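[1] My questions concern the predicted model and sequence given below.
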Amino acid sequence: MRIVRFKAGGKTRYGALEGSVVVEYSGTPWSLFRRGRRRYPLKHSVLLAPVVPSKIVAVGLNYRDHAKEMGRPLPDEPRIFLKPPTALVGPDDPIVYPACSTRVDHEAELAVVIKRRCRNVPPERAREYVLGYTCLNDVTARDLQERDGGPTRAKAFDTFCPLGPCIATDIDPHAVTVEALVNGEIRQASSTRELIFPVEEIVARVSQVMTLLPGDVIATGTPPGVGPLRPGDRVEIRIEGIGGLTNTVVKV
């Protein structure tokens, strides 16, 4: 199932993407989610970020090939940080290049969407709490990250967390390709086989620190090839079994 949050007829709704049609569902993916009769052509619908999370948790340096690219040892435990929900945007929304930065990078990531409240979940039960997976671009002002010695400001700007286009509920998170394309050119390309900490362990480790709520998002790290974006660039995060998340960079 490919769950979407979309706007049609001036109203925001949840539904399922079926080819070129969005089928409306009543309720939410975390409550009584029931298929309705209304169908909307995708071309006449606006896809939104598929969830509005209470928090966005991210994991740094979680691909073996990315660690090798950077010449850094593999971490002993997941390196987690937060992006604010105010950074969230959906498909086709602009990424705003901040005036205080001179280097803004793309970071393609597989994101996990939490299905129900959880705390101190063991890894072997972690998948019970996962609704599905989506694409995330962990946009980063790299120069500010280096200047600050940490990720908080660099990753927190409004529009720095594109998410979507859908939540795929039935993919294998251990074996999907993750790519970033800029103006049609592939910049990042790897597989979740390269993850140092798999989805189950990430969910378990994060839940030891903080309570995860329905709709919360965990970004699982980025593969090698992160690089700069410029105003006017069109960046697409593409993940096998989910689809593509496209946004354009603008300067204001």
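    Looks like it came in fine.
[2] Can you dump the C-alpha atoms of stretch 158-167 in CSV for me?
    The C-alpha trace of stretch 158-167 is given here as CSV (Å, rounded to 0.1, in the frame of the first residue of the first chain):
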residue,chain,number,x,y,z
ASP,A,158,12.5,25.9,7.4
THR,A,159,12.1,23.8,4.2
PHE,A,160,15.2,21.6,5.1
CYS,A,161,13.2,18.4,5.4
PRO,A,162,11.4,17.4,2.2
LEU,A,163,9.4,14.2,2.8
GLY,A,164,7.3,12.0,0.6
PRO,A,165,5.7,11.3,-1.8
CYS,A,166,4.0,8.4,-0.1
ILE,A,167,4.4,5.9,2.8
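[3] Which of the residues in that stretch are classified as buried?
    Neighbour counts over stretch 158-167 (16 or more other CB atoms under 10 Å) mark 159, 160, 161, 162, 163, 164, 165, 166, 167 as buried. All C-beta atoms are positioned from the backbone trio N, CA, C, and that covers glycine.
[4] same deal with stretch 60-68?
    60, 61, 62, 63, 64, 66, 67.
[5] Find the pair from those with maximum spatial separation.
    Greatest spatial distance in these: 60 and 64, 13.8 Å, computed using CB to CB.
[6] Without its sequence neighbours, what residue ends up closest to the residue in the chain sticking out farthest from the centre?
    Distance to the chain centre peaks in the chain at residue 37, reaching 29.5 Å (criterion: CA atoms, centre = their mean). Residue nearest to residue 37 in three dimensions, not counting chain neighbours: residue 24, with 7.8 Å by CB to CB, 6 or more residues apart in numbering.
[7] Next, count neighbours for that neighbour.
    Neighbourhood size, residue 24 [other CB atoms under 10 Å]: 19.
[8] Repeat that for residue 104.
    Using other CB under 10 Å, residue 104 has 24 other residues around it.
[9] how close does it sit to residue 134?
    22 Å (CB to CB, to the nearest Å).
[10] ditto for residue 151
    Residue 151 sits 21 Å away from residue 134, going by CB to CB.
[11] Between these two, which is the more surrounded one?
    Applying other CB under 10 Å to residue 151 and residue 134 shows that residue 134 carries more neighbours, namely 29 against 19.
[12] Adjacent strands (with direction) for the helix or strand encompassing that one?
    Using DSSP states H and E, residue 134 falls within strand 130-137. Using DSSP bridges, the strands paired with strand 130-137 are strand 108-114 (antiparallel), strand 161-168 (antiparallel).
[13] which other helices and strands contact the helix or strand that that strand is followed by?
    Downstream of strand 130-137, the next assigned helix or strand under DSSP H and E is strand 140-141. Contacting strand 140-141 under the criterion 3 or more CB pairs under 8 Å, 6 or more residues apart in numbering; DSSP states H and E are the following elements: strand 104-106.
[14] any idea how far the strand it packs on is from the chain center?
    From the chain centre to the centre of strand 104-106 is a distance of 15 Å (CA atoms, centre = their mean, to the nearest Å).
[15] what residues are up against residue 232?
    Each residue near residue 232 by CB atoms under 8 Å, 6 or more residues apart in numbering is listed here: 248, 249, 250.
[16] Tabulate the residues you listed (TSV), appending distance to residue 120 and neighbour count.
    Listed next are the contacts of residue 232 as TSV, based on distance: CB to CB, whole Å; neighbours: other CB atoms under 10 Å:
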residue	distance to residue 120	neighbour count
248	41	14
249	40	20
250	42	13
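[17] Tell me the pLDDT of the nearest residue to residue 231 once chain neighbours are set aside.
    Counting by CB to CB, 6+ apart, residue 251 is the residue found nearest to residue 231 once chain neighbours are left out, at 3.9 Å. On the pLDDT scale, residue 251 is placed at 95.
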